[in-house]
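Visitor: Requesting a structural model of the entry that follows:
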Amino acid sequence: MKAPSLFGLTATILLLAAAMTSGCATFSRHKSSPALAAAQPSFAPTPVAEQRPLDPALLQRPTAEYRLGPGDQLEIEVLGDVDTKSLTTVGPDGKIYFYMLPGIDVWGLTISQARDKIIDGLHQFVRERQPVSITLRAAESQRVWVLGRLNKPGVYPLAGPTTLLEAVAEAGGLSPRSAFSSLAGPVAMASTNGNDASDEAADLSRAFVMRDGRMLPVDFKRLLRDGDLSQNIYLQPDDFVYLPAGNVGAVHVLGAVFQPRAIETSQELTLGRAVADAGGTIKDAYLSHVAIVRGSLNHPQVAIVDLNAVQHGRAADVVLEPNDIVYVPYTPYRVLTRYVDMILQTFARTVGVNEGARAISRDVTPVGVNLPVGVGL
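Guide: Residues are numbered from 1 along each chain as shown. All right, here's what the predicted structure looks like:
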């Protein structure tokens with residue numbers, strides 16, 4: 001199977017953003033109202049089991065060889081004939097062109113496999129098999145997204161085995177460096193060469209890594225503050241790393257609402273008001289199991305609220321806090337741990353799609369990503 005390219009990943013993010021504009025999530029600022037005075041901060045966490053641990057296999061250095069894809073730059077030479085030395089780029093169709101040969105499809109091949117294919121091709125024109133040298137000069141087809149509160153956020157090539165710490169270091173380290181100047185290691189060293197954009201620091205409790213559409217349970221606080229290398233996973237092509245700014249205090253309303261969105265809160269905001277600001281609930285939404293998820297992504301707290309009772313005055317409204325995640329389910333949940341995991345995965349996908357699209361174009365409209373609670377959750 002051919003490896004995904006940066007072009008394909010970029011197109012996927014933009015298409016996903018465009019496809020979901022019917023349920024787009026605008027970023028609105030909430031203003032206080034007199035009704036807030038009657039609300040009580042009645043957040044009552046329900047005990048939930050620890051989230052799944054980090055798979056030890058993620059810490060193992062990858063042994064697979066680099067596989068070529070569109071955009072990779074190769075230096076090719078028939079040994080002993082300097083006139084054949086040339087620089088070629090793998091085209092969008094996965095083919096390269098060298099010397100007298102027609103297009104050779106190298107998409108998904110290792111360097112050694114591509115070399116053998118060129119040697120076989122040359123053997124059709126010369127009697128003896130010619131030794132060929134291939135050097136990867138630029139790895140453009142396999143990349144990782146490293147975005148957020150960093151000195152140099154962006155999309156970086158993944159030419160070889162790369163750890164999460166190394167990727168954060170390559171992105172210039174956390175911004176500002178005052179947040180981690182006491183740390184030793186590559187992240188701290190990289191930060192000394194960066195420029196502080198502001199006094200904001202990354203919110204490590206909300207940072208995450210997405211892989212194949214799922215959030216990996218990496219604890220950024222343990223990794224970047226405590227130097228716990230048990231969290232220093234190896235990255236794979238198309239991984240999405242995001243470290244949000246610490247001063248952003250939005251409430252995310254997701255699930256069975258008409259307009260899933262992030263609501264910026266400079267003052268108090270209640271659950272009922274937040275759901276109303278998201279356009280209200282859709283038909284058949286299961287209001288008895290509305291979840292409020294609070295705290296870090298690795299160790300969240302969750303409160304299950306009967307929104308129907310709140311709306312009819314049978315229960316006090318709940319005052320939300322910045323960074324709360326409100327999820328209105330489509331059906332009742334069965335296992336709380338699975339319910340919370342699904343909410344966090346939905347949240348991470350929403351942020352990932354929006355931040356990835358924003359990294360490509362500032363003109364992309366934010367979107368909301370919703371996954372219904374299925375049977376067995």
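
Visitor: And the pLDDT at residue 307?
Guide: pLDDT, residue 307: 95.

Visitor: Would you map the helices across this structure?
Guide: Under the criterion DSSP state H, the chain contains helices at 6-19, 111-123, 164-170, 186-191, 220, 271-277, 307-311, 336-360.

Visitor: in the second one, what counts as buried?
Guide: Okay, so that is helix 111-123. For helix 111-123, a neighbour-count test (16 or more other CB atoms under 10 Å) marks 111, 114, 115, 117, 118, 121, 122 as buried. (Glycine included, C-beta is placed from N, CA and C.)

Visitor: Just put the helices of the chain in TSV and tack on distance to residue 101.
Guide: Converted to TSV, the helices of the chain look like this (distance: least, CB to CB, whole Å):
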stretch	distance to residue 101
helix 6-19	24
helix 111-123	5
helix 164-170	35
helix 186-191	42
helix 220	48
helix 271-277	61
helix 307-311	66
helix 336-360	35
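
Visitor: Quickly list what residue 209 is bridged to.
Guide: Note on residue 209: beta-bridge partners residue 216, residue 241, judged by DSSP bridges.

Visitor: ok, now how distant is it from residue 343?
Guide: Distance of residue 209 to residue 343, computed by CB to CB, to the nearest Å: 18 Å.

Visitor: try residue 141
Guide: Counting by CB to CB, the gap from residue 141 to residue 343 is 34 Å.

Visitor: How about residue 242?
Guide: From residue 242 to residue 343 the distance is 17 Å (CB to CB).

Visitor: wait, doesn't residue 75 sit right on residue 87?
Guide: Yes. Using CB atoms under 8 Å, residue 75 is in contact with residue 87, at 5.4 Å.

Visitor: count of neighbours near residue 66?
Guide: Neighbours of residue 66 under the rule other CB atoms under 10 Å: 20.

Visitor: Domain-wise, how is this protein divided?
Guide: Here the domain assignment for the chain is 1-64+142-377, 73-138, based on automatic domain parsing.

Visitor: Can you get me a residue count around residue 138?
Guide: Counted with other CB under 10 Å, residue 138 comes out at 14.

Visitor: For the residue nearest to it when sequence neighbours are not counted, give me the pLDDT.
Guide: Nearest non-adjacent residue to residue 138, counting by CB to CB, 6 or more residues apart in numbering: residue 73, 3.9 Å away. Residue 73 carries a pLDDT value of 95.

Visitor: ok, now residue 105?
Guide: 96.

Visitor: what residue is smack in the middle of this protein?
Guide: For the chain, the residue sitting closest to the mean C-alpha position, by CA atoms, centre = their mean, is residue 240 at 3.4 Å.

Visitor: how far away is that residue from residue 220?
Guide: In terms of CB to CB, residue 240 sits 14 Å off from residue 220.

Visitor: do the same with residue 227
Guide: 12 Å.

Visitor: Equivalent analysis for residue 356, please.
Guide: Distance of residue 356 to residue 220, computed by CB to CB: 18 Å.

Visitor: what's the answer for residue 326, then?
Guide: From residue 326 to residue 220 the distance is 23 Å (CB to CB).

Visitor: Now do the same for the nearest residue to residue 257 once chain neighbours are set aside: its pLDDT.
Guide: Once flanking residues are discounted, residue 257 sits nearest to residue 278: 4.1 Å by CB to CB, 6+ apart. For residue 278, the pLDDT comes out at 95.

Visitor: how about the nearest residue to the residue nearest to the centre of the chain once chain neighbours are set aside, what does it touch?
Guide: Spatial nearest neighbour of residue 240, chain neighbours left out: residue 210 (4.1 Å); criterion: CB to CB, 6+ apart. By CB atoms under 8 Å, 6 or more residues apart in numbering, residue 210 lies in contact with 216, 239, 240, 242, 348, 349, 352.

Visitor: Show me the one in these that has more neighbours than the rest.
Guide: Busiest of these [other CB under 10 Å] is residue 240, holding 26 neighbours.

Visitor: I figured that one was touching residue 354, is that so?
Guide: No. Residue 240 is not in contact with residue 354 according to CB under 8 Å; the separation is 11.4 Å.

Visitor: Going along the chain, name the strands of the stretch 201-350 of the chain.
Guide: For the stretch 201-350 of the chain, applying DSSP state E, counting those that start in this stretch gives strands covering 208-211, 214-216, 240-243, 250-255, 261-265, 269-270, 290-295, 300-305, 319-320, 325-328.
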